[in-house]
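Enquirer: build me a structure from this.
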Amino acid sequence: MSEKLKTKRTLIFNVNWLGDVLFSSATIRNIRRNYPDNYIACVIPSRCYPILKGNPYLDEVIIFDEHDRHRGMLDKLNFVNLLKKKKFDTVFLLHRSFSRALICRLAGIKQRIGHYTKKRAFLLTKKIIPPKRDSVHRIDYYLDVIEKAGLRIEDRYLDFFVSPEDEQQVDSFFKKNSITQEDFVVALNPGGNWFPKRWPPDYWALLADRLIGEIGAKVIITGSISDLLLATQIKDAMRQLPLIACGVFNIKQLGALAKKADLFITADTGPLHIANAVGAKKIIAIFGPTAQSVTGAYPPNNVVILQKDVGCPIPCYQLRCPDNRCMKAVTPDDVLKQVVSIKNSVFKCD
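Expert: Numbering: from 1, shown residues only. As a prediction, this is how the structure comes out:
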């Protein structure tokens with residue numbers, strides 16, 4: 001159906017982080033199922049664009065970079081005019097900010113639906129009382145907006161779409177590095193945008209050494225180009241030789257790698273949820289300051305979560321933790337034990 005034939009026009013004003021945009025993909029899909037004939041667009045920052053690229057439930061992805069290209073007042077007014085020209089009837093505000101509600105009001109969007117806050121209550125035409133903080137999973141937090149607005153919720157899972165071209169890039173990398181179908185391939189994701197959620201680099205080095213030396217695994221350290229220094233630090237602390245793929249794959253190709261690898265090991269960060277969304281064979285997730293019930297893998301069917309009680313409140317939002325003891329409490333031995341169990345139960349032993 002062409003854009004002109006879609007008379008009803010719905011906007012989703014999304015959140016700012018990769019993992020949260022992934023969690024919102026269930027909301028996007030359920031909005032489409034409620035409005036199969038609507039023109040549906042979604043607003044996200046440019047860094048999150050790859051998460052929704054190729055999403056078949058959206059007709060358009062609109063970029064809004066509040067701290068970059070739309071930082072100035074004139075830039076924001078130009079964005080308001082852009083939305084005004086698109087003539088949306090309804091907006092679902094998944095982001096709780098005042099400014100985004102104001103933008104939608106100035107753009108003339110008649111139905112403005114979002115979680116209630118005192119500051120922006122007058123800007124919403126339908127005020128949704130939000131769940132208490134950290135009382136529900138992030139997927140359900142975003143679904144809450146549309147469910148309380150009267151929409152039908154059919155399912156709760158993540159969407160992340162990779163193309164055959166993305167998978168071909170991973171196949172080429174495997175071929176170039178002599179990785180075959182007989183190899184036990186383990187992808188390690190040591191990075192993360194929030195330092196307290198990171199596992200210590202020396203732990204990663206110890207684990208990777210034992211994966212190669214004792215398990216006979218082919219280990220790939222992955223991440224963005226910004227993780228290259230961390231990956232090099234891990235490699236330099238090792239006796240064995242891993243493959244470093246930081247900056248080699250874009251975020252879509254990372255999804256293709258997670259799907260192809262036999263095991264994906266990560267902390268609680270965006271790539272965990274990408275791996276889960278693409279149906280990775282098996283995932284080990286190392287948790288520390290965050291709560292599984294809030295940001296854990298969803299659904300958790302194919303994921304082993306390792307987390308230990310060190311006496312701290314969970315979730316913890318202390319960004320300057322002096323010792324990061326919750327992450328250190330999970331040891332390389334703990335992870336290796338799970339790897340051996342996974343390899344013995346799912347894959348043929350050597």
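Enquirer: show me where the stretch 151-300 of the chain has its strands.
Expert: In the stretch 151-300 of the chain, strands defined by DSSP state E, counting those that start in this stretch lie at 185-189, 218-221, 243-244, 263-267, 283-286, listed in chain order.
Enquirer: what's the most buried one of those strands?
Expert: strand 263-267 (a mean of 28; mean count of other Cβ atoms under 10 Å). For glycine as for every other residue, the C-beta is placed from the backbone atoms N, C-alpha and C.
Enquirer: Asn344 - how many residues pack around it?
Expert: 10 (other Cβ atoms under 10 Å).
Enquirer: for it, what is the enclosing helix or strand?
Expert: Using DSSP states H and E, Asn344 sits in helix 332-346.
Enquirer: what angle do that helix and strand 185-189 make?
Expert: Orientation note: helix 332-346 sits at an angle of 140 degrees relative to strand 185-189 (axes from the mean of the first three to the mean of the last three Cα atoms, to 10 degrees).
Enquirer: who wins for proximity to Arg33 among the strands of the stretch 151-300 of the chain?
Expert: strand 283-286 (27.3 Å; Cβ to Cβ).
Enquirer: thinking again about what came up before, any chance of the strands of the stretch 151-300 of the chain in JSON lines with distance to Val170 and mean pLDDT as columns?
Expert: Formatted as JSON lines, the strands of the stretch 151-300 of the chain follow (distance: least, Cβ to Cβ, whole Å; pLDDT from 0 to 100):
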{"stretch": "strand 185-189", "distance to Val170": "10", "mean pLDDT": "98"}
{"stretch": "strand 218-221", "distance to Val170": "10", "mean pLDDT": "98"}
{"stretch": "strand 243-244", "distance to Val170": "12", "mean pLDDT": "97"}
{"stretch": "strand 263-267", "distance to Val170": "13", "mean pLDDT": "96"}
{"stretch": "strand 283-286", "distance to Val170": "17", "mean pLDDT": "96"}
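Enquirer: coming back round to it: what packs against the helix holding Asn344?
Expert: Where contact means 3 or more Cβ pairs under 8 Å, 6 or more residues apart in numbering; DSSP states H and E, helix 332-346 is packed against helix 201-210, strand 263-267, strand 283-286, strand 303-306.
Enquirer: tell me the mean pLDDT for that helix?
Expert: Average pLDDT, helix 332-346: 90.
Enquirer: I'd say Ile109 and Phe88 touch.
Expert: Yes: counting by Cβ atoms under 8 Å, Ile109 touches Phe88, with 4.9 Å between them.
Enquirer: can you give me the buried ones in the helix holding Asn344?
Expert: Buried residues in helix 332-346, defined by neighbour count with 16 or more other Cβ atoms under 10 Å: 332, 335-336, 338-339, 342-343.
Enquirer: give me the below-cutoff pLDDT ranges for the stretch 101-250 of the chain.
Expert: Judged by pLDDT under 70, the stretch 101-250 of the chain has no weakly predicted residues.
Enquirer: tell me where it has helices.
Expert: Using DSSP state H, counting those that start in this stretch, the helices of the stretch 101-250 of the chain run over 138-147, 164-176, 201-210, 228-236.
Enquirer: out of those, nearest to His115?
Expert: The nearest among the helices of the stretch 101-250 of the chain, by Cβ to Cβ, is helix 138-147 at 6.3 Å.
Enquirer: contacts for the helix holding Asn344 next, please.
Expert: 184, 186, 203, 206-207, 210-211, 214-215, 217, 262-263, 265, 281-282, 284, 286, 304, 306, 349 (Cβ atoms under 8 Å, 6 or more residues apart in numbering).
Enquirer: and stretch 128-140, by the same measure?
Expert: Contacts for stretch 128-140 (Cβ under 8 Å, 6+ apart): 19-20, 23, 26, 96, 113-116, 141, 144-145, 148-149, 156, 158, 291, 293-296, 298, 315.
Enquirer: ok, stretch 295-304 next?
Expert: So stretch 295-304 is contacted by 19, 23, 137-139, 156-158, 268, 272-273, 276, 279-285, 287, 292, 305, 315, 338, 342 (Cβ under 8 Å, 6+ apart).
Enquirer: buried members of the residues you listed into PyMOL, please.
Expert: This is how PyMOL selects the buried members of the contacts of stretch 295-304, with burial counted by 16+ other Cβ under 10 Å:
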select buried, resi 19+23+137+138+139+156+158+268+272+273+276+280+281+282+283+284+285+287+292+305+315+338+342
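Enquirer: now the strands of the stretch 151-300 of the chain in a markdown table, with distance to Arg100?
Expert: Output for those, formatted as a markdown table (distance: least, Cβ to Cβ, whole Å):
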| stretch | distance to Arg100 |
| --- | --- |
| strand 185-189 | 30 |
| strand 218-221 | 37 |
| strand 243-244 | 39 |
| strand 263-267 | 29 |
| strand 283-286 | 31 |
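Enquirer: among these, which comes closest to Ile251?
Expert: strand 185-189 (11.8 Å).
Enquirer: let's see that closest one as PDB, backbone CA atoms only.
Expert: The C-alpha coordinates for strand 185-189 follow below in PDB (Å, rounded to 0.1, in the frame of the first residue of the first chain):
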ATOM      1  CA  VAL A 185      33.200 -20.700  17.600                       C
ATOM      2  CA  VAL A 186      32.900 -18.400  20.600                       C
ATOM      3  CA  ALA A 187      32.200 -14.700  20.200                       C
ATOM      4  CA  LEU A 188      33.200 -12.500  23.100                       C
ATOM      5  CA  ASN A 189      31.700  -9.000  23.600                       C
END
